[in-house]
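K.L.:
let me see the structure of the following:
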Amino acid sequence: MTGGQPSRPANIANIVAINQGRQPLTMAEPQAPTWWPRKVHQWRREGGVVVDTRPSADFGACHVPGAYNIQLDSSEFEQRVGWVIPPDVPLVLVVDGAARGREALHKLAFVGLDRQVAALMDCGMQSWLEAGLPSGTLTQVSVHSLYRDLQENGTRVLDVRAASEWNEGHIPQALHVDYRELAERLVELSLAPDEQVTVICASGYRSSTASSILLRHDFRQIRNVTGGM
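P.N.:
Next up is the predicted model:
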């Protein structure tokens, strides 16, 4: 009965509870406190989850180590947070300013996820660096660079689009797993943490999210393809 159907979102319990009237939607202005970088750093060191909502290029240039990259500019932002972040796990959102923080909270409130937001870090990554805190990067490469590597040096390519997109056309050498299932299916991909893995999707958004998941699993040579397929 469920064969070939997409995986259910991680926050399905929230969605069902809201639809059944057992959990109210946030009707007032969603609120979350603002934290400065050192408090976010301590949160991360204690195992707290950080979601960086900035564009892929900004995330690639500098980000909080271990953060997920789920772009606020995506029309599926709130759904993607639900896919990637386990239910009932508190998180801190990295946003570009207070207005973007309010936008993120509004979007998450539509699916009952605003309650998971413990705080916002809206002061920018420059403040993080000025505080002397460690940061991560994610290499961004073009499709032309990827093509040259495949011709000359070789690289493992991971396609994280949906199965329907993969079936319509893909790079012959690529491995495939939907980014929504990456964390739970990582072992079966037989990728080594020290090998170079180049991640691709349709546009570079989901691949950046998938790349951030790989970085959280201690992969060290991850590259995101800008522009995608």
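
K.L.:
phi, psi of Val117?
P.N.:
Backbone torsions of Val117, given as degrees, to the nearest 10, read phi -80, psi 110.

K.L.:
what's across from it in the sheet?
P.N.:
Leu91 (DSSP bridges).

K.L.:
can I assume it is in contact with Val94?
P.N.:
No. The pair Val117 / Val94 is not scored as a contact, 11.5 Å apart, by CB atoms under 8 Å. Just so you know, the C-beta spots here come from the backbone N, C-alpha and C atoms, and that holds for glycine as well.

K.L.:
which one of the two is surrounded by more residues?
P.N.:
A direct count of neighbours by other CB atoms under 10 Å for Val117 and Val94 places Val94 higher, at 29 against 22.

K.L.:
could you find the closest non-adjacent residue to the more buried one?
P.N.:
Excluding the flanking residues, the one nearest Val94 by CB to CB, 6 or more residues apart in numbering is Asp52, at 4.3 Å.

K.L.:
equivalent analysis for Asp149, please.
P.N.:
Thr155 (4.7 Å).

K.L.:
run a quick neighbour tally on Val40.
P.N.:
The number of residues near Val40, taken as other CB under 10 Å, comes to 24.

K.L.:
my bad, should have said Ser164
P.N.:
When counting by other CB under 10 Å, one arrives at 8 neighbours for Ser164.

K.L.:
distance of it from His176?
P.N.:
Distance, Ser164 to His176, by CB to CB, to the nearest Å: 12 Å.

K.L.:
what residues are shared contacts of those two?
P.N.:
Listed contacts common to Ser164 and His176 are nil; contacts here mean CB atoms under 8 Å, 6 or more residues apart in numbering.

K.L.:
against which helices or strands is the helix or strand hosting Val81 packed?
P.N.:
Assigned by DSSP states H and E, Val81 belongs to helix 77-84. Counting contacts by 3 or more CB pairs under 8 Å, 6 or more residues apart in numbering; DSSP states H and E, helix 77-84 packs against helix 98-109, helix 205-216.

K.L.:
same thing but at 6 Å, please
P.N.:
Judged by 3 or more CB pairs under 6 Å, 6 or more residues apart in numbering; DSSP states H and E, helix 77-84 is in contact with helix 98-109.

K.L.:
and the angle from the helix it packs on to helix 77-84?
P.N.:
Angle, helix 98-109 to helix 77-84, by axes from the mean of the first three to the mean of the last three CA atoms, to 10 degrees: 60 degrees.

K.L.:
just the strands in this structure please.
P.N.:
For the chain, applying DSSP state E gives strands covering 49-52, 68-69, 91-94, 117-121, 139-141, 156-159, 175-176, 196-200, 221-225.

K.L.:
same list (these) but as TSV, adding distance to Glu184 and mean pLDDT.
P.N.:
Output for the strands of the chain, formatted as TSV (distance: least, CB to CB, whole Å; pLDDT from 0 to 100):
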stretch	distance to Glu184	mean pLDDT
strand 49-52	17	98
strand 68-69	15	98
strand 91-94	19	98
strand 117-121	24	97
strand 139-141	25	98
strand 156-159	15	97
strand 175-176	15	97
strand 196-200	17	97
strand 221-225	18	98
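
K.L.:
can I get these in TSV with distance to Trp36?
P.N.:
As requested, the strands of the chain are exported to TSV (distance: least, CB to CB, whole Å):
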stretch	distance to Trp36
strand 49-52	14
strand 68-69	20
strand 91-94	11
strand 117-121	8
strand 139-141	28
strand 156-159	35
strand 175-176	40
strand 196-200	32
strand 221-225	28
